[in-house]
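Undergrad: Predicted model and sequence follow; I will ask about them next.
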Amino acid sequence: METVSEKFGTPMPRIGDQAPSFKAVTTQGDIDFPKQYAGKWIILFSHPADFTPVCTSEFMTFASMAKDFERANCQLVGLSVDGLYSHIAWLRTIKEKIEYRGMKNVEVKFPLIEDIKMDVSSLYGMIQPGESSTKAVRAVFYIDPKGTIRTILYYPLSTGRNFEEIYRVLIALQTADAFSVATPADWRPGDEVIVPPPGSCGVAKDRMAGGKGIKCYDWFFCTKKITKQKIFDTIQKKKKTRKKK
Ligand code: BEZ
């Protein structure tokens, strides 16, 4: 009988899987992924093609936010099914010629992988033939400091991503890990977070009675406040301890 991989090709990575490893050539030199970024969060993202307008707007926006991602201990790594010289020429054009929405002289300092043979894009399920068999869709993989995939987002070719949302998800994941909480709809740092469900009838009753800074909408839906300052201080502390290791 055919195996799943024989029938459908390499299975796409899923949330909770170890990030598949690969070596690649990039605009910042060769990389050994994800090994060389161990201890950091990684956002691996693909775009359909160099020298295209939506991708240009995305790269300018992402590169302009690079400092925020760096502060959050997150390495950005881009990819498209183009060659290294195309990448270099496109990034030079962005820096030297394009002014868009108040952004200009934007230098893309994070690595951009060349993937002419589609090795990496196939490994990560970024080629989705119903959309395009020659271009990667707009995929975003969040990989944690232990190399586990924690979130995957996919967008079609025609829709530019919201990079505030991409940043928000990163901080939500880091907050969930640091404080053992979950984050509700439309959460932003400083908003109330959701505490884990009670493990016993006694705890459920205590929670409903109030106190300990916990507010319940019902016994299974309780929240507490964590300030924005505390969240960002904790992220910084974790970044420093990881660097020391
Ligand atoms: C763009 O980035 O503008 C784009 C790329 C591929 C297909 C459609 C749009």
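TA: Sure thing, it's come through.
Undergrad: can you tell me which residues contact I127?
TA: Residues near I127 by CB atoms under 8 Å, 6 or more residues apart in numbering: V81, M118, S121, S133, K135, A136, V137. C-beta here means a position set from N, CA and C on the backbone, and glycine is covered the same way.
Undergrad: ok, and which of these reach the ligand?
TA: The subset of the contacts of I127 within reach of the ligand, counting by CB under 6 Å from any ligand atom, consists of K135.
Undergrad: Format the contacts of I127 as JSON lines; extra columns: neighbour count, pLDDT and secondary structure.
TA: Converted to JSON lines, the contacts of I127 look like this (neighbours: other CB atoms under 10 Å; pLDDT from 0 to 100; DSSP: H, G, I helix; E, B strand; the rest coil):
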{"residue": "V81", "neighbour count": "25", "pLDDT": "97", "secondary structure": "coil"}
{"residue": "M118", "neighbour count": "15", "pLDDT": "97", "secondary structure": "coil"}
{"residue": "S121", "neighbour count": "21", "pLDDT": "98", "secondary structure": "helix"}
{"residue": "S133", "neighbour count": "9", "pLDDT": "95", "secondary structure": "coil"}
{"residue": "K135", "neighbour count": "22", "pLDDT": "98", "secondary structure": "coil"}
{"residue": "A136", "neighbour count": "27", "pLDDT": "98", "secondary structure": "coil"}
{"residue": "V137", "neighbour count": "20", "pLDDT": "98", "secondary structure": "coil"}
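Undergrad: pull the helix or strand with minimum mean pLDDT from this protein.
TA: Least confident helix or strand of the chain, by mean pLDDT, DSSP states H and E, is helix 4-8 with a mean of 51.
Undergrad: what's the domain layout of the protein?
TA: Recorded structural domains for the chain (assignment: automatic domain parsing) are 4-161, 180-244.
Undergrad: which one of these has the most crowded surroundings?
TA: Comparing these on average neighbours per residue, with mean count of other CB atoms under 10 Å, the densest one is domain 4-161 at a mean of 17.
Undergrad: quick one: contacts for Y100?
TA: With contact set as CB under 8 Å, 6+ apart, Y100 has these partners: T56, S57, M60.
Undergrad: ok, is the helix or strand where L79 lies in contact with the ligand or not?
TA: Taking DSSP states H and E as the definition, L79 sits inside strand 74-80. No - contact of strand 74-80 with the ligand is not found when judged by CB under 6 Å from any ligand atom; the minimum separation is 9.4 Å.
Undergrad: where does the chain dip in pLDDT?
TA: 1-10, 245 (pLDDT under 70).
Undergrad: which stretches of the chain form helices?
TA: Assignment of helices within the chain using DSSP state H yields the ranges 4-8, 53-64, 66-71, 84-97, 119-123, 163-179, 201-209, 228-244.
Undergrad: From start to finish, how long is stretch 19-32 in a straight line?
TA: In stretch 19-32, first residue to last residue: 12 Å (CA to CA, to the nearest Å).
Undergrad: Of the contacts of I127, which pair is most distant in space?
TA: M118 and V137 (12.4 Å; CB to CB).
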